[in-house]
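J.: okay, sequence plus prediction incoming.
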Amino acid sequence: MFSDKMDQSTELTSQTEIDSAVVHSVKIQETEDLVFNEKHQIFDIAPRPHVELSGHFLRSFAYFTLKHRSPMMLGEMISFLHDYEPKIMETFGSYAHFDLKRICWSLQLLRDEVQENQEFQLFHGKAPDVEDWNRFISTLDEDRNRWFSSVWLHAECYMYRRIWAIFRRSDLLSSYDYFSQKKIDATTSVVKLMRDVIMGMRGMLRSQEKFQRMLKLSLWSNRCDLSINKQAPDAQFLKLMADYESDLLVDQSADVWRVLTEAWDPVYVDIVCDNAGFELFSDLLLAEYLIETGLALKVRFHVKAIPWFISDVTKQDFLWMLRFLRSHKTAEIAAFGRRLRRYMRDRSFVLCDTCYFWTSPHDCSQMKKRLPCLYVSLSEAALVIFKGDLNYRKLLGDINWDYTAPLIECMRGFFPTSVCALRTIKSDIYCGLPICTVEWLSEDDPQWMRTGKKGVIQVAVMHRLSGDALV
Ligand SMILES: O=P(O)(O)OC[C@@]1(O)O[C@H](CO)[C@@H](O)[C@@H]1O
């Protein structure tokens, strides 16, 4: 009896001690955060209207990302490299061990820079984009050249470019894609779903209804990235697409259909890709539908020049996907892969040349000035489809627009041709939404915009003759 009471009181004491220790550590963290916010002029407000997103707004996804998500992602990278070292040494040789030590040390230093809100550093070396990046960094104002004071878009792009620079400096791992295993796993884990989707979406009936369904498949596949929604898409994805309709805040898919059916031949459609895995698979399926129904003569894919935002598609990812599909043991997948190879061979599909604009800090309004050849190339298309949230932020310049403002206005002169955005919402800027949308959604869940649950299909339509915006 007594011993039981003893055990219980000991237990109580230890639980009480644990609780008070937790409370104490939370208080220490809160104090440290207050000191940090004071020192780095973090304002306890939400993002201000009509200015760029930035970590200096405490109540922003930018602050949460820079304070928590980015340091955590860098820590997870270091853990991955430790765990995966044997495999890397198998591929690159045992001396890769020394490169990995240096890389992990550099990633740790980068994480410290973020957490201490240090100034952005210039890049060294001879990569094709170094000069452009250094010119950009050098022209940043004093109040815009640190992690928490910069435009959020700039900070995030800079971080992923710094990661690439760390690997590029190594002797053996300079061309290693440190996100490739994640992207491969994200693909191999959805093979059954890919087969179901191929079977469920087969048939190339040229109809508005079928086109809209293909476009929505491409949209909702954007929920599957490796930084926000790390879990694989639901196995019942096709059946659930009907339920996703209630999450579609803007549906201009009918306008997109009209752009293509009224376009003059030859019709090119450009897809500025986002994530590898199920999203790339869905984009390839959409592209096949455009070719097979005659809605487009060519589909041109724009991918990233370097590993980007964990799951973004690089040229290597795109070519790996084509090989993976056509060599798969599942008949329907292999047949799809063989068709894709045919489209690549007859140039119905074009994988555009590596272009560093997409991994630069510049938003789309800068393209005409900084890379006019890309802008002209896009203008050859009848439609450019921008996939995902980061591309959306680049269209909007990471500016916190009135959420009812028209897309054409928010693109600030970027208008090479009709522009379509297929975006699941994973950051706190929007445009073209119906009045009261944000208030209503925020009442239910103040963080709804961070989940990718809601989506938009938006388009800015260019008049074929005048070049004016129609929608
Ligand atoms: O472009 P995607 O894959 O749809 O999303 C990119 C993203 O995960 O990265 C940023 C936050 O770190 C946001 O723009 C968004 O959440």
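T.: Perfect, thanks for sending it.

J.: for the stretch 51-200 of the chain, list the residues in contact with the ligand, please.
T.: Residues of the stretch 51-200 of the chain found near the ligand (C-beta under 6 Å from any ligand atom) are T65, E156. Every C-beta, even on glycine, is put in place using the N, C-alpha and C of the backbone.

J.: what ranges does the stretch 51-200 of the chain have for its strands?
T.: Taking DSSP state E, counting those that start in this stretch as the criterion, the stretch 51-200 of the chain contains no strands.

J.: give me the residue from it nearest the ligand.
T.: T65 (5.0 Å; C-beta to the nearest ligand atom).

J.: residues contacting that residue?
T.: Going by C-beta atoms under 8 Å, 6 or more residues apart in numbering, T65 touches G55, W152, E156.

J.: include neighbour count and pLDDT when you put the residues you listed into a markdown table, please.
T.: Output for these, formatted as a markdown table (neighbours: other C-beta atoms under 10 Å; pLDDT from 0 to 100):
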| residue | neighbour count | pLDDT |
| --- | --- | --- |
| G55 | 27 | 98 |
| W152 | 27 | 98 |
| E156 | 27 | 98 |
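
J.: closest to T437 among those residues?
T.: The shortest approach to T437 among those belongs to W152, at 21.9 Å (C-beta to C-beta).

J.: does stretch 395-412 come close to the ligand?
T.: No: between stretch 395-412 and the ligand, judged by C-beta under 6 Å from any ligand atom, nothing touches; the nearest distance is 9.0 Å.

J.: look up how far G467 lies from the residue nearest to A263 when sequence neighbours are not counted.
T.: With C-beta to C-beta, 6 or more residues apart in numbering as the criterion, A263 has its nearest non-adjacent residue at 3.7 Å, and that residue is A382. Per C-beta to C-beta, to the nearest Å, A382 is found 13 Å from G467.

J.: who's more crowded, those two?
T.: Here A382 and G467 are compared on neighbour count by other C-beta atoms under 10 Å; more neighbours surround A382, at 22 against 11.

J.: contacting residues around that one?
T.: Neighbouring residues of A382 by C-beta under 8 Å, 6+ apart: V259, L260, A263, W264, V267, Y268, V269, A296, T417, S418.

J.: so the closest residue to the first one other than its chain neighbours bridges to which residues?
T.: Leaving out its chain neighbours, the residue that sits closest to V259 by C-beta to C-beta, 6+ apart is S418, at 4.8 Å. The residues listed as beta-bridge partners of S418 by DSSP bridges are L383.

J.: and for the one 4 residues further on?
T.: Beta-bridge pairing for L422 (DSSP bridges): K387, I457.

J.: just T314 next, same as before
T.: Assigned bridge partners for T314, using DSSP bridges, are K304.

J.: tell me how far it lies from P71.
T.: 24 Å.

J.: who has more neighbours out of those two?
T.: Using other C-beta under 10 Å, the more surrounded residue of T314 and P71 is T314, with 22 against 16.

J.: verify the stated contact: that one with F301.
T.: No: T314 lies out of contact with F301 (C-beta atoms under 8 Å); the separation is 11.4 Å.

J.: find the nearest non-adjacent residue to the residue nearest to the spatial centre of the chain, please.
T.: Nearest to the mean C-alpha position of the chain, counting by C-alpha atoms, centre = their mean, stands L390 at 4.8 Å. In space, not counting the residues next to it along the chain, L390 is nearest to F309; the distance is 5.9 Å by C-beta to C-beta, 6+ apart.

J.: wait, the one you found sits on I163?
T.: No: here F309 lies out of contact with I163, judged by C-beta under 8 Å, at a distance of 10.4 Å.

J.: since that was my last question, I'll sign off now.
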